[in-house]
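Q: Give me the fold of what follows.
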Amino acid sequence: MKQTILLFITALLLTGHTIAQEAQNPHQFTDKHFVGTTGFILFTPFFDPSPEYFQLNYGYRLNAVSELSIEAITWAYQGPLGRPYGPDYEQESTGFPGDVKAFGAGIAYKRLLWKGVFAQVHSTLLRQHYRDSEKQVIQKGFQLFNTCRLGYHITFGKRKRLFIAPSIAITYWPINTNLPDSFQVQENKYPNYFMGEPGLHVGYTF
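A: Numbering: from 1, shown residues only. A predicted model of the protein is given here:
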C-alpha cells in the first residue's frame with residue numbers, strides 16, 4: 001500500500017513538468033525566493049494541551065514550476081501519530097503516559113502539476129525527547145518523518161507576493177527509535193503512517 005502511494009506521487013512529479021510547461025498559466029512561480037510557515041500556528045493557543053508548534057521555511061524556485069525548500073520545525077504530541085481521527089483519539093487509553101517533544105530540520109521538493117495544483121514531498125529528521133507527565137525528559141530518540149502532499153497554490157496581494165497553499169497529505173515514519181517501553185506499547189497499536197493530514201502553508205516571496 002505504502003509503495004503504491006509513493007509510486008503514484010513520483011509519477012505525478014515526473015509528469016507534472018510537461019503538463020505545467022504546456023499550460024503556461026499565471027500560477028507559475030516568478031520570484032526566486034520565499035519564506036513561510038504553517039497557518040495552523042495561529043490556532044495553537046486554542047489547544048489544550050498545547051502542541052508547542054513552530055515551523056519556519058526558506059525556499060528557492062528552481063524554475064517556473066518547481067521549488068526546493070528547507071524547514072525547521074518543532075512540536076509536541078501526546079499519542080501515536082498513527083492514531084486515526086475519531087472518538088478514541090483523545091482517550092487517555094490510546095495516548096502516551098507523557099508526551100514527545102520533537103525538534104527537527106528537513107528538505108522539501110514541490111512541483112506545480114496543473115495551474116495551481118501541486119505535489120510535494122518532504123523528508124524531516126527529528127530529535128525526539130520523550131517526557132513524563134511533569135514534562136521531564138526520560139529518554140531521547142530519532143524519527144525520520146516523510147510526507148507526500150497534494151494541494152493548491154494560491155497567490156494574492158498587489159504584487160502577488162503573498163501565498164497560501166492548503167493541502168492534504170500522507171505521512172510515513174519508517175524510523176522511530178528508543179521509545180520508552182510504556183510509549184512503545186501504545187505506538188505498537190497503530191501503523192507508522194497516516195492518511196489525510198491537512199496542511200496550510202503560508203508565505204511571502206521575494
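Q: Now for the one residue sitting closest to the centre of the chain, which secondary structure element holds it?
A: With distances taken as Cα atoms, centre = their mean, the residue of the chain nearest its centroid is residue 147 (5.8 Å). Applying DSSP states H and E as the criterion places residue 147 in strand 137-152.
Q: What is the distance between stretch 135-146 and the centre of its chain?
A: 17 Å (Cα atoms, centre = their mean, to the nearest Å).
Q: got a list of contacts for that stretch?
A: Contacting residues not belonging to stretch 135-146 are listed as 98-99, 101-102, 104, 106, 121-132, 171-180 [Cβ atoms under 8 Å, 6 or more residues apart in numbering]. Placement of C-beta: from N, CA and C, glycine included.
Q: buried residues in it?
A: Buried residues in stretch 135-146, counting neighbours by 16 or more other Cβ atoms under 10 Å, are found at 141, 143-146.
Q: can I get these in CSV with pLDDT and distance to residue 111?
A: As requested, the buried residues of stretch 135-146 are exported to CSV (pLDDT from 0 to 100; distance: Cβ to Cβ, whole Å):
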residue, pLDDT, distance to residue 111
141, 98, 32
143, 98, 26
144, 98, 22
145, 98, 20
146, 98, 17
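Q: Wait, residue 163 touches residue 205, no?
A: Yes. In this structure, residue 163 is within contact of residue 205 by Cβ atoms under 8 Å, at 6.7 Å.
Q: and for these two, which residues touch both?
A: Joint contacts of residue 163 and residue 205 (Cβ under 8 Å, 6+ apart) are 34, 155.
Q: Model confidence at residue 6, what's the number?
A: Looking at residue 6, its pLDDT stands at 53.
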